[in-house]
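Asks: Attaching a predicted model along with its sequence, questions to come.
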Amino acid sequence: MSWKALPVEVTLEIIEHLCPEISIGQIGEAAAWTKLWQTEESNMVETEQNNVNSSDGNDSKTASGSGQASSTNPWSALQSLALTNNYFYGICIPFAYRDFIFTSNDWMLSDELVSKWTKHASSVRNVRILVDPQYTTHSQYWDFLVTTLAAFTNVTSLALYYFSCYSIPQRIADQCIGILSTGKVREFGIYSAMILQYEVGNPSWDRRMAWGANYIIGQYANNAAATSNLRVLDLVMETIPMDMYKLIRTQFPNLRTMNIRRAFRCRALGRIWDTNQVSPWRHYDHLTRLRLIDCSNAYAFHIPHLVRHFKSLRELMVSTCGSDDDDKVGVPRSGGWSTEADALCNTHASLDVFHVEHMSDWEIYALGVIPTKELVTSNLVQGHLEAAFTYDPEIFPGLGLLRVEAYVSLEEATYMDATMADPPRAIKTLNAICAGRGIKIERDAKWVRKKWTPS
């Protein structure tokens, strides 16, 4: 039987099964909180690819950024399939060069490597690069990137990582802008490796501007034809200036997912829904997922206004947001507020999932006007979730499922370190709270940004 008789769908499914996932985190999924190096024993998380040079199996080389090929290379099965015959070689080669991943600190660059990537440049779809490796010759590496990036014309997913705010050279920035200007990029992320590396941020970072990254964003955001095709945006940066803040809120009309980690921190930005900041927020009509992580301007009492603004929003995460200077009182709510005609639960469809992480009692209360079918909580101070529900039994209208971490007690209620302006004297247990509202409880919640504890 000829291999060509095999249905195309089956063939592609086999090949997809042999292709490893990009394990440094997918843009719009886990990339905003995945380190480039997970452990000291493993220098990199990226997968290594074997380059298939010819259909007769001669001269097989490593195609990824690392010069250290593993004997258990996940691409060996794909390589073997490609070498079966010309038919499979022609099908497998584009997949072998689909992912251009150079996020390691250890490369072996050569003219041959440049030649191989430029030869198959049209097959590249996913680009992940660390622009300032710490243990390699920058000029040689940048020459390599300039040559290869210039040849990539079909990139749909671009992720840029940097260690230093000042280390993205102009020529690399221009090549990235060139890729973005094609209008084919649907996923774009810029990540500070320092932020990804450390569990706790440094306050001095709030004054550090990654000018090279801001330049790329600025040039891209002002290209309306290109930005209209973007669906996913990740920004993990020390902070951004006001002009970039405005562009992010106005220039990406068809976004489905937006993940912001730390970038909204500069005091000049104000709070996320201050009177003078409301108008720049464009109605991103297609935005269904929003994650705000470690953003000091994301004031808890303002988040519901943002939810009301994004009519299509279905998934929301608020993690470690807000500032010590925030007003903890906000606008008081009277009993029965959830039945009022203009209540958010009566003007906006319930979220499918709302993840609240490392937020205090008064912030949980402030966020409680947001309707959601499922509430995920993690890294909360003991008793703060119970206190918010006790203080206002109507919070999170429409809630049917509450997910808490495995260690959380459902039968006991201990209230520690209250921060509410008028905290309840006694709090109910989670079992009592959920039984009264018919809410199901699961103890399987996972944290995203680990809470810092003193050593």
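Replies: Thanks, I have it.
Asks: Which residue ranges of the stretch 351-455 of the chain form helices?
Replies: Taking DSSP state H, counting those that start in this stretch, the helices of the stretch 351-455 of the chain run over residues 361-367, 384-391, 430-437.
Asks: Of all those helices, which one is nearest Gly400?
Replies: Minimum separation from Gly400 across the helices of the stretch 351-455 of the chain (C-beta to C-beta) falls at helix 430-437, 9.1 Å. Any C-beta I mention is one placed from the backbone N, CA and C, and that applies to glycine too.
Asks: can you list the weak-confidence ranges in the stretch 1-150 of the chain?
Replies: 1-12, 14-24, 37-79, 92-93, 96, 105-107, 135-136 (pLDDT under 70).
Asks: Would you mind measuring from Ser123 to Ser323?
Replies: For Ser123, the distance to Ser323 equals 47 Å [C-beta to C-beta, to the nearest Å].
Asks: Between the two, which is the more surrounded one?
Replies: Legend: neighbour count by other C-beta atoms under 10 Å for Ser123 and Ser323, higher for Ser123 (17 against 13).
Asks: Report whether the expected contact of the more buried one with Asp99 is present.
Replies: No: counting by C-beta atoms under 8 Å, Ser123 stays clear of Asp99, with 9.8 Å between them.
Asks: what about the longest helix in the protein?
Replies: When every helix of the chain is counted residue by residue (DSSP state H), the longest turns out to be helix 138-151.
Asks: Just put the helices of the stretch 351-455 of the chain in CSV and tack on mean neighbour count and distance to Lys311.
Replies: Formatted as CSV, these follow (neighbours: other C-beta atoms under 10 Å; distance: least, C-beta to C-beta, whole Å):
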stretch, mean neighbour count, distance to Lys311
helix 361-367, 26, 18
helix 384-391, 25, 26
helix 430-437, 16, 26
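Asks: Make JSON lines from those and add distance to Glu112 to it.
Replies: Output for the helices of the stretch 351-455 of the chain, formatted as JSON lines (distance: least, C-beta to C-beta, whole Å):
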{"stretch": "helix 361-367", "distance to Glu112": "55"}
{"stretch": "helix 384-391", "distance to Glu112": "58"}
{"stretch": "helix 430-437", "distance to Glu112": "61"}
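Asks: Which of the ones you listed sits closest to Gly183?
Replies: Judging the helices of the stretch 351-455 of the chain by C-beta to C-beta, what sits closest to Gly183 is helix 361-367, at 36.8 Å.
Asks: For that closest one, which helices and strands make contact with it?
Replies: helix 303-309, strand 353-357, helix 384-391 (3 or more C-beta pairs under 8 Å, 6 or more residues apart in numbering; DSSP states H and E).
Asks: do that again at 7 Å, thanks
Replies: For helix 361-367, the elements it packs on are helix 384-391, judged by 3 or more C-beta pairs under 7 Å, 6 or more residues apart in numbering; DSSP states H and E.
Asks: what's in contact with the helix it packs on?
Replies: The contact list for helix 384-391, computed with C-beta atoms under 7 Å, 6 or more residues apart in numbering, reads 360-361, 364-365, 368, 377, 395, 413, 415, 418, 420, 423-424, 427-430, 433.
Asks: Break the protein into its domains for me.
Replies: 1-267, 270-455 (automatic domain parsing).
Asks: starting at the chain centroid, how far to the longest one?
Replies: I take that to be domain 1-267. 14 Å (C-alpha atoms, centre = their mean, to the nearest Å).
Asks: now the last one
Replies: Its chain's average C-alpha position is 20 Å from that of domain 270-455, according to C-alpha atoms, centre = their mean.
Asks: for that domain, what is the average pLDDT?
Replies: Averaging pLDDT along domain 270-455 gives 93.
Asks: so how far is Thr339 from Tyr365?
Replies: Where Thr339 is concerned, Tyr365 sits at a distance of 18 Å (C-beta to C-beta).
Asks: Please apply the same query to Leu196.
Replies: 44 Å.
Asks: Neighbour count for the two, which is higher?
Replies: More crowded of Leu196 and Thr339, by other C-beta under 10 Å: Leu196, with 19 against 11.
Asks: For stretch 158-171, which outside residues touch it?
Replies: Contacts for stretch 158-171 (C-beta under 7 Å, 6+ apart): 27, 31, 36, 103, 127-132, 134, 142, 146, 176, 179-180, 185, 188-194, 208-213, 238.
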